[in-house]
Structures are given as structure tokens and as C-alpha cells.
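Peer 1: Kindly generate the corresponding structure for this input.
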Amino acid sequence: MAKIFIETPRLLLREIIYKDVQRIFLLDRNPEVMKYIGVKPVSRPEESEETIKNIRKQYQENGIARWAVIEKKSNLLIGWSGLKFLREPINGYQEVYELGYRFLPEFWGKGYATEAGKAVLDYGFIELNLDVIYACVAIQNVGSDHILKNKLGFESHGTFVDPLDKATCIWYELTKEKFNKD
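Peer 2: Model (predicted):
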């Protein structure tokens with residue numbers, strides 16, 4: 001049984017388990033989902049199994065990682081959202097928490113990323129007592145940029161080039177004091 005961390009009006013956020021492999025594979029193989037991620041879509045479910053293995057390792061090592069987002073109405077995994085503890089440096093930052101999310105395209109534009117994001121931020125600031133949470137987005141990813149800036153309240157702190165894919169990304173920061181979950 002997967003541990004549920006958060007329940008919102010429309011969503012359950014729970015740990016990602018190996019039984020999720022087919023739904024995670026739908027995300028990982030979708031070119032639209034992976035467009036701004038810096039890695040190519042996968043072609044085999046075994047690659048998504050490896051992703052799940054890595055996420056589960058982060059749960060053990062860091063006590064936190066991305067969570068499955070389950071739509072209550074359909075009981076389907078529609079994406080993931082959550083905090084990742086960044087051990088490797090990114091944009092000069094290391095050992096910080098980063099908000100991330102991915103959703104299947106048929107669930108875009110329904111407010112799920114915002115709903116899940118607010119719940120994850122609330123968890124980070126209240127349950128984990130974090131003072132700041134970071135996020136980054138490829139400059140071309142206008143939809144995600146809008147969510148981070150206009151829906152979740154993140155503030156831009158410049159740009160950097162992602163060494164993985166050489167994409168220019170916007171670096172965002174949100175402090176506990178500026179977080180408004182309403």
C-alpha cells in the first residue's frame with residue numbers, strides 16, 4: 001500500500017510505487033511532456049522502472065522525492081509533483097529543495113499542477129519547515145513558467161544554462177514568508 005502524503009479537493013499525492021510503471025511510462029515516453037526536460041522520451045517500460053527505482057532511493061536517502069498525483073475522480077495517476085533534494089549542484093545551488101511536476105497532456109489546463117504545487121509547497125514550508133524552495137523552467141516552457149510565477153508566487157532570480165541540454169532556464173525562488181497557499 002502506497003503512503004498518501006497529501007489530499008486536496010481533487011487529488012491524492014502519494015509515494016510512487018513500482019505498480020505505477022505503466023502510467024509513469026506514459027509520461028516518460030510522451031514527447032510533449034519531455035519537450036523541455038532535457039532528456040529524450042524513453043522507449044521501454046524498463047526505463048521508467050529505473051526512474052521509479054531512483055525516486056524510491058531518494059525517499060530512503062532524503063526522506064522526500066516526487067510523489068504520484070492521483071486524480072480522485074478517475075483514480076488514475078495523471079502525473080507527479082513534489083520536492084527533490086538537490087545533492088548535485090544546479091545553477092550554483094546545492095543541497096536545496098526544488099519543486100517539480102509533470103502531467104499527462106490530457107490533464108493540462110485543468111489547474112492540477114497549481115493544486116498539487118500549492119499542496120507540496122505547503123508541505124515543504126509547514127511539515128519540513130523549509131525557509132526557501134526553488135524551481136527552474138526552460139525559458140520556452142511558457143505554461144510552466146506561468147504556473148510558477150503567476151499561480152504559485154515564485155520570483156525569478158535570473159537565468160542559467162542547463163548543462164544537460166544547454167537550454168536556457170529561469171531560476172525561481174519562493175520563501176516561506178512570501179508563500180500564499182490561497
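
Peer 1: So which residues of the chain form helices?
Peer 2: Remark: helices assigned in the chain by DSSP state H are 21-29, 31-34, 45-62, 112-122, 142-146.

Peer 1: now these in JSON lines, with distance to residue 82?
Peer 2: For the C-beta atoms, the positions are set from N, CA and C on the backbone; glycine is no exception. Listed next are those as JSON lines, based on distance: least, C-beta to C-beta, whole Å:
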{"stretch": "helix 21-29", "distance to residue 82": "13"}
{"stretch": "helix 31-34", "distance to residue 82": "16"}
{"stretch": "helix 45-62", "distance to residue 82": "9"}
{"stretch": "helix 112-122", "distance to residue 82": "6"}
{"stretch": "helix 142-146", "distance to residue 82": "15"}
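
Peer 1: how about the strands in the chain?
Peer 2: 4-7, 11-15, 66-71, 76-86, 96-103, 132-138, 155-161, 168-175 (DSSP state E).

Peer 1: deepest of those strands, which one?
Peer 2: strand 66-71 (a mean of 25; mean count of other C-beta atoms under 10 Å).

Peer 1: Mind giving me the packing neighbours of that strand?
Peer 2: strand 11-15, strand 76-86, strand 96-103, helix 112-122 (3 or more C-beta pairs under 8 Å, 6 or more residues apart in numbering; DSSP states H and E).

Peer 1: again, only this time at 6 Å
Peer 2: Strand 66-71 is packed against strand 11-15, strand 76-86, with contacts defined by 3 or more C-beta pairs under 6 Å, 6 or more residues apart in numbering; DSSP states H and E.

Peer 1: now the angle from that strand to helix 112-122?
Peer 2: Taking axes from the mean of the first three to the mean of the last three C-alpha atoms, to 10 degrees, one finds strand 66-71 and helix 112-122 inclined to each other by 130 degrees.

Peer 1: what's strand 66-71 in contact with?
Peer 2: By C-beta atoms under 6 Å, 6 or more residues apart in numbering, the residues outside strand 66-71 that reach it are 5, 11-14, 16, 20, 55, 77-82, 116.
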